[in-house]
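Novice: Generate a structure from the sequence data that follows.
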Amino acid sequence: MSTTVTVRTPAGTVVGRQHQGVRRFLGIPYAEAPTGARGFAAPVPRGRFTQPYDATRPGATAQRVPLFATTTIPEPSVPGDDVLNLSVTAPGADGCPVLVWIHGGGFLAGSPASPWYDGRAFARDGVVTVTVGHRLGVDGFAVLDDVPTNLALRDLLLALDWVRENISAFGGDPDRVTLAGQSAGGAAVLALLSSPAGPGRFQRAVSLSGGLFEVDAPTVRGFLARLAERLGVPPTRAGFAACDPESVQRGVLDLRNGDDALVLGPVVGDDILPVPLVEGLAVHGRDVPLLLGATGDEFDGDTFDRDRDRDGDSDPPDRDGDCDGDRDRDGDRDRDRGARAAGTRTTDLLFRSACPRVAAARRDAPAGTWLYSFEWPSPTLGGAVHCVDLPFFFDLLDAPGVQEALGPNPPADLATRMHADLVAFVHGRTPAWGRATGRLGDPAREYGRPLAADTRGVYDPVTGTTA
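Specialist: Numbering: from 1, shown residues only. Now for the predicted structure:
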């Protein structure tokens, strides 16, 4: 049974719910709603609440349309304009370290309201968790005249400012903030770590399947011109502002299914990201310890492969769950092993190879960089694919949708082990394995193999694989 709990913060009084010792405050606006004149503008801090704010329900999400018809992670879309909000999950204690979580979704979609991001296990372990919503797609990363670039990153920076000013009221320590995220969220972590705007806003960083995703302004402008033509509006601030947000997101996803898969994301060349991320990482965030890694298969598991025909389109599976029942599965597995050894898979090119590149850029950083690799293969999805590590990270194997993604018996001991490593890192402890430098032979923590093999692996900076 849950009870009402009230917290008085510098932002005003916030009313949430408490259940089994865990306090939750959902959908707290940290900025004014980005509508009307505030659309396509830098975020403005939310004014102080004059009445107690009801934080018992999830806040509005910037996502109107999911990235795919079926996603591994449950990603609810919540209607409303106040999309610049955050949720706090906290134990009933003071002085706790803080984990600020950024969701994934290709910078185009994703939901901070996912039950896979519930912070109850972190609260159990003395950590305050903050999940943040930010603008997506065109609203978050447009390059238009009279529009600041990287609006989504500016949203996240303002959210971190809100945390610094208010989190102590929830029992968090504003001087012990770990910024973490997965997929696009992990990429946002690396972007902010490389930014001159990042210092002082967070003290530690974790990037899961983040990658070094960045785009240049001309590429974005070209994509927006094609999108505007599709929507029947001029490629201007006024043109896109006149469109329904759902139609804009659907247009982006339709174009993205062609050759334009990664055209909206962190833009290099402004005050937030003045130089490419690798260059920025060599200069900024050197006093911030970083833990990063990827799953073993990301987008190269059996399910991802067999759900695409030769033209890259999706086909429904046959009765055996296989889209191509006449394929030589042993030959497929041999080919997949060869591609992994060569480092030529999408997984290696987009995700795993970024790990040694980041480590090399931070080679002389006094705070250190540590690598991990998540290797447990989901029997349902056919590999250690994108997102399957999240229930282990959050120690939420009982969350909705987990059995559908991971099968009926995902290993609880693996969740205990991975979550414990992350909790220790958030609490300020040094990882038990060696630092990475981007060189051949770098150590990496492996998750999903016997414990003796979990302690140390050899990371190949050329392919980004662990042997």
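Novice: Just give the number of residues close to residue 93.
Specialist: If you count neighbours by other Cβ atoms under 10 Å, residue 93 ends up with 12. No exception for glycine: its C-beta is placed from N, CA and C like everyone else's.
Novice: Excluding covalently adjacent residues, which one is nearest to it?
Specialist: Nearest residue to residue 93 in three dimensions, chain neighbours excluded: residue 171, at 5.4 Å (Cβ to Cβ, 6 or more residues apart in numbering).
Novice: wait, doesn't that neighbour sit right on residue 97?
Specialist: No - Residue 171 is not in contact with residue 97 according to Cβ atoms under 8 Å; the separation is 10.3 Å.
Novice: Give me the common contacts of the two.
Specialist: Both residue 171 and residue 97 are contacted by residue 128, under the criterion Cβ atoms under 8 Å, 6 or more residues apart in numbering.
Novice: show me what contacts the residue nearest to residue 93?
Specialist: Each residue near residue 171 by Cβ under 8 Å, 6+ apart is listed here: 90, 91, 92, 93, 94, 95, 96, 128.
Novice: same deal with residue 203?
Specialist: 175, 176, 177, 178, 288.
Novice: Could you give me the buried positions within the helix or strand containing the fourth one?
Specialist: It stands for residue 178. If you go by DSSP states H and E, residue 178 is part of strand 172-182. Within strand 172-182, the residues scored as buried using 16 or more other Cβ atoms under 10 Å are 172, 176, 177, 178, 179, 180, 181, 182.
Novice: contacts for stretch 119-128?
Specialist: Around stretch 119-128, the neighbours that count as contacts under Cβ under 8 Å, 6+ apart are 21-23, 88-91, 93, 96-99, 101, 129, 131, 167, 170-172, 394-396, 419, 423, 426-427.
Novice: before we move on, back to that, just put the contacts of residue 203 in a markdown table and tack on distance to residue 381.
Specialist: Formatted as a markdown table, the contacts of residue 203 follow (distance: Cβ to Cβ, whole Å):
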| residue | distance to residue 381 |
| --- | --- |
| 175 | 39 |
| 176 | 35 |
| 177 | 33 |
| 178 | 28 |
| 288 | 33 |
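Novice: What is the nearest of those residues to residue 370?
Specialist: Nearest to residue 370, judged by Cβ to Cβ, of these is residue 288 at 12.2 Å.
Novice: I'd assumed that closest one was in a strand, is it?
Specialist: No - read with DSSP: H, G, I helix; E, B strand; the rest coil, residue 288 is coil and lies in no strand.
Novice: separation between it and residue 104?
Specialist: Between residue 288 and residue 104 the computed distance is 21 Å (Cβ to Cβ, to the nearest Å).
Novice: Show me which of these two is the more surrounded one.
Specialist: Ranked by neighbour count (other Cβ under 10 Å), residue 288 and residue 104 place residue 104 first, with 27 against 22.
Novice: Quick check: closest non-adjacent residue to the more buried one.
Specialist: residue 183 (2.9 Å).
Novice: Likewise for residue 80?
Specialist: Nearest to residue 80 is residue 60, by Cβ to Cβ, 6+ apart, at 2.9 Å.
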